[in-house]
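# Following is a predicted model, sequence given first.
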Amino acid sequence: MRLWIDTDVGTNPDDAIAVALACTHPDVMLAGVSTVGDPDGRRAAVARDVLADMGADPALVVSAESFRPDALRNAGADALLAIGPLTNVARIVEAGSHPARLVVMGGALRRVHHRDAWREIESNFAADPNAAAFVLARVDVLLVPLDVTHRVCLDDEQRARLAARRESLGQALRSWPHAVCLHDPLALLALAGEPFFTIQSRRLDVDSSGRLIERVEGRPQRVVTDVDADAAIARLFRLLDRSRY
C-alpha cells in the first residue's frame, strides 16, 4: 500500500516509532507525512530526522502550515494513518481526498488508568473534538483506541534495545519521562493487517469534549478491541531490524 501518515510527532516517541515502522514494513511504501499542531515546524523537523535516519527521503514531510488536502491524491496514497488530532484529516475528508483505507489512533471506549491518572478522553480526540466527530460521522475508519493501546508498553530492557536501534528513536525515547506505550505503532500494524488484533463493529459518536460514545444507531465503525501484546512487540522489533532503503 502507498501510505500517507498524519502525525503530531515530536513529543510522545510512539509517533516516531510508527513512522520508522512505515519505512521498514514490507507491505508499506511511504507516500508522504504531514504534521498537525505544528505552528513552528518543529514536528516536521523531527519527522524529517526520523526519515533520514531510516534511509527514507525527508522531502516526503509536509509541515502543518504547508499541508493541502489534495497532497494525498497527488502522491497516489491509497491508505491514511492518522496518529494525531484529526484536524488535517477532517480537511481531507471534507475535500473528498481521503483514500479508502483510513486508520485512526484515537478515542477510548472505556475509562483507563494511564500515566498515573484515570482517563476517559484520549488526547488526540480531546485536541480537536469537532474534527474527530466529523470524520467518524462521514467515512469508514478502523479505530485503534487508548483502552487497547495503553496495555502494550515496552519494559526497560525493550526500551533500551529500541533506543539503540536508531539514533532518532534513541533521542525521542531518552527525552520521554513516561512509560513508552505503542499507541501509534499498533495503529500502523493494524492498518497493515497484522494478525494479532481483535476487531469488532461499533456505532460511535464523539461529544464536544472528545469523549467516544456508543450509540444504538448511527454509522458503524471497525474498532480494535484487543491485541496480543507480546506478538505486537515481537513484530515491532523484527520490522525495525529490517532495512529497505
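Sure thing, it's come through.

# Can you report how many residues neighbour residue 2?
Residue 2 sits with 15 neighbouring residues when counted by other C-beta atoms under 10 Å. C-beta: built from backbone N, CA, C; applies to glycine.

# same question but for residue 97, I mixed them up
18.

# try the one 5 residues further on
Applying the criterion other C-beta under 10 Å, we find 21 residues in the vicinity of residue 102.

# Also residue 74?
Counted with other C-beta under 10 Å, residues neighbouring residue 74 total 11.

# what's the distance between it and residue 55?
24 Å (C-beta to C-beta, to the nearest Å).

# Closest to the centroid, which residue in this protein?
residue 83 (2.7 Å; C-alpha atoms, centre = their mean).

# For the closest residue to it other than its chain neighbours, which three-state class applies?
Leaving aside its chain neighbours, residue 83 sits nearest to residue 184 (4.0 Å; criterion: C-beta to C-beta, 6 or more residues apart in numbering). For residue 184, the assignment made with DSSP: H, G, I helix; E, B strand; the rest coil gives helix.

# Residue 219 against residue 133, yeah?
No: applying C-beta atoms under 8 Å, one finds residue 219 not in contact with residue 133, separated by 11.2 Å.

# Go through stretch 126-138 and flag the buried ones.
Using 16 or more other C-beta atoms under 10 Å as the burial criterion, the residues of stretch 126-138 that qualify are 126, 127, 128, 129, 131, 132, 133, 134, 135, 136.

# Dump it to CSV, restricted to CA.
C-alpha atoms of stretch 126-138 as CSV (Å, rounded to 0.1, in the frame of the first residue of the first chain):
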residue,chain,number,x,y,z
ALA,A,126,-9.6,15.9,23.1
ALA,A,127,-7.4,18.2,21.0
ASP,A,128,-10.0,18.6,18.2
PRO,A,129,-13.3,17.0,19.1
ASN,A,130,-15.2,18.6,16.2
ALA,A,131,-12.7,17.1,13.7
ALA,A,132,-13.0,13.7,15.3
ALA,A,133,-16.8,13.8,15.3
PHE,A,134,-16.8,15.0,11.6
VAL,A,135,-14.5,12.2,10.5
LEU,A,136,-16.3,9.3,12.3
ALA,A,137,-19.7,10.5,11.1
ARG,A,138,-18.7,10.6,7.4
